[in-house]
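In: how would this look folded up:
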Amino acid sequence: MKQFLFFIVLISYSLNAQNTEDLKEIKAHQEEQNTQFMTKGKSPLTEVDRKYFTGLEFFDIDLNYRVEATLKRTPNASFFNMKTTTSRVSEERIYGVLSFILKGNKYHLNVYQGKKLMTEDAYKDYLFLPFLDDTNSETTYGGGRYMDLKIPNGNKIILDFNKAYNPYCSYNVSYSCPIVPRENYIAVKIQAGVKKYKDH
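Out: Numbering: from 1, shown residues only. Have a look, this model is predicted:
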């Protein structure tokens with residue numbers, strides 16, 4: 001009995017320690033985003049908006065929106081022209097399908113790989129996850145949000161929706177942003193990550 005209780009305490013301690021590290025990671029990510037938005041030359045904001053900028057508005061951090069997904073690769077997928085908010089197109093292919101359980105329900109999202117970025121050392125393992133959900137146009141940007149991922153060694157990958165962010169064109173129309181494919185809509189409210197931008 002004592003041995004059983006010891007293992008329960010040990011597991012509880014490990015989970016709490018992991019949660020603490022996850023929270024630190026998310027908070028650091030949010031601070032990094034705010035710093036970028038305040039920095040001239042790095043911020044997507046117009047000069048006028050940057051002058052009045054005090055910080056992005058985030059949902060409260062919720063680790064229920066940090067989930068493990070299974071990646072099913074689609075190696076034979078062809079590249080296609082993903083539409084953007086301008087006349088530009090972005091050559092992308094579906095790298096694979098992410099399957100995950102969120103609050104008891106199973107969802108699937110396509111994750112994309114850009115043809116141009118594949119040739120750059122800094123982005124050769126980069127994956128792009130755009131998505132739509134039921135918060136769009138209410139508490140989040142109407143055109144959906146993005147997440148940045150890296151190609152995993154295996155078939156498991158962490159999706160942390162607390163790191164979901166808005167396309168730059170939601171802050172400044174001079175940017176050209178990929179339009180989220182409709183098949184990446186999931187019928188749930190993702191109340192995590194960055195909320196829609198309210199300028200001065």
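
In: any idea how far residue 24 is from residue 47?
Out: 33 Å (CB to CB, to the nearest Å). All C-beta spots, glycine's among them, are computed from the backbone N, C-alpha and C.

In: repeat for residue 161
Out: Distance from residue 161 to residue 24, by CB to CB: 17 Å.

In: Between these two, which is the more surrounded one?
Out: residue 161 (21 against 10; other CB atoms under 10 Å).

In: any idea how far that one lies from residue 114?
Out: Relative to residue 114, and taking CB to CB, residue 161 is found at 21 Å.

In: do residue 62 as well
Out: Distance of residue 62 to residue 114, given as CB to CB: 30 Å.

In: And these two? Which one has more around it.
Out: Using other CB under 10 Å as the criterion, residue 62 and residue 114 rank with residue 114 on top: 20 against 14.

In: Pull the contacting residues for the residue nearest to the spatial centre of the chain.
Out: In the chain, the centroid-proximal residue (CA atoms, centre = their mean) is residue 147; its distance is 2.1 Å. Residues counted as contacts of residue 147 (CB atoms under 8 Å, 6 or more residues apart in numbering) are 129-131, 159-161, 163-165.

In: one more time with 6 Å, if that's ok
Out: Shown in contact with residue 147 (CB atoms under 6 Å, 6 or more residues apart in numbering): 129, 164.

In: Now do the SS call for the closest residue to residue 133 other than its chain neighbours.
Out: Spatial nearest neighbour of residue 133, excluding adjacent residues (CB to CB, 6 or more residues apart in numbering): residue 190 at 4.3 Å. Here residue 190 is coil, with the state taken from DSSP: H, G, I helix; E, B strand; the rest coil.

In: do you know how far residue 33 is from residue 116?
Out: Separation of residue 33 from residue 116 (CB to CB): 24 Å.

In: can you give me the strands for the chain?
Out: Using DSSP state E, the strands of the chain run over residues 66-73, 80-83, 89-102, 105-114, 126-131, 145-150, 156-160.

In: chain center to the fourth one, what's the gap?
Out: Relative to the chain's own centre, strand 105-114 is displaced by 11 Å; criterion: CA atoms, centre = their mean, to the nearest Å.

In: list the helices and strands that strand packs on?
Out: strand 89-102, strand 126-131 (3 or more CB pairs under 6 Å, 6 or more residues apart in numbering; DSSP states H and E).

In: same check, this time on the last one
Out: Using 3+ CB pairs under 6 Å, 6+ apart as the contact test, the elements touching strand 156-160 are strand 66-73.

In: Then the first one?
Out: Using 3+ CB pairs under 6 Å, 6+ apart as the contact definition, the elements that strand 66-73 packs against are strand 89-102, strand 156-160.

In: repeat that with 10 Å
Out: For strand 66-73, the helices and strands in contact under the criterion 3 or more CB pairs under 10 Å, 6 or more residues apart in numbering; DSSP states H and E are helix 2-38, strand 89-102, strand 105-114, strand 156-160.
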